[in-house]
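Enquirer: Task: produce atomic coordinates for the following.
(one chain, ligands or ions: 1)
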Amino acid sequence: MTTLTSDTAMDELKAYIETVKKKARPESYLIAILHKAQHLYGYLDKEVMNEIAFIMNLPTAHIWGVATFYHYFNLTPKGEHTIAICLGTACYVKGAGDLLDTLKEELKITIGETTEDKLFTLQEARCLGACGLAPVIMIDEKIYGEMTPKKVVALLAHFRTEK
Ligand code: FES
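Expert: Down below sits the predicted model:
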């Protein structure tokens, strides 16, 4: 996540969009632009998306459509920790659905949302490349394998006390 002020971030974003606008079919770089914006701001702020729409001369609804279609774009600020639950086949058959229910119940949020205390953001993944340890979740950069609902509860408690 960036530590730039929003003015500096906007200057950098505008400079990036200007380089993209010189290319053939600049609108095909929209996902790259949204990635850049998310990198700079940590999430896709409504005003930033409006600005992108204005500079790119594209309808705001189109920008929103793309941003909401892809799960990896965050439309709200992310929490301190990001939890990715793997819902790939190997994890799913080994009980990822129960893990997801536990996470939703414990955090009182659903996929794509951030807890009220801004501690956790919940995301889904399709395969975290650790199928042998299924079911797995990833918190920040670390993989936790052979998870059970009980282990999930204990892990969340650990992160909460670390706060
Ligand atoms: S399906 Fe979950 S790690 Fe591969």
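Enquirer: Smallest gap between the chain and the ligand, at which residue?
Expert: residue 88 (2.5 Å; CB to the nearest ligand atom). No exception for glycine: its C-beta is placed from N, CA and C like everyone else's.
Enquirer: ok, how many other residues are close to the closest residue in space to that residue that isn't next to it in sequence?
Expert: In this structure, residue 88 finds its nearest non-sequential neighbour in residue 127, 3.6 Å apart by CB to CB, 6 or more residues apart in numbering. Other residues within reach of residue 127, judged by other CB atoms under 10 Å, total 14.
Enquirer: Tell me which residues touch residue 127, please.
Expert: Listed by CB atoms under 8 Å, 6 or more residues apart in numbering, the contact partners of residue 127 are 86, 88-91.
Enquirer: Who wins on neighbours among those residues?
Expert: Neighbour counts for the contacts of residue 127 peak at residue 86, which has 29 neighbours (criterion: other CB under 10 Å).
Enquirer: Specify the beta-bridge partners of it.
Expert: Beta bridges link residue 86 to residue 125 when assigned by DSSP bridges.
Enquirer: per-residue confidence for it?
Expert: Per-residue pLDDT puts residue 86 at 96.
Enquirer: what about it, distance to residue 72?
Expert: Counting by CB to CB, to the nearest Å, the gap between residue 86 and residue 72 amounts to 14 Å.
Enquirer: Next SSE downstream of the helix or strand that contains residue 90?
Expert: Following DSSP states H and E, one finds residue 90 within helix 89-91. Next along the chain after helix 89-91, taking DSSP H and E as the criterion, comes helix 97-107.
Enquirer: Other residues contacting that next one?
Expert: In this structure, residues lying in contact with helix 97-107 by CB under 8 Å, 6+ apart are 83, 85, 87, 110-111, 115, 120, 122, 124, 135, 137, 147-149, 152-153, 156.
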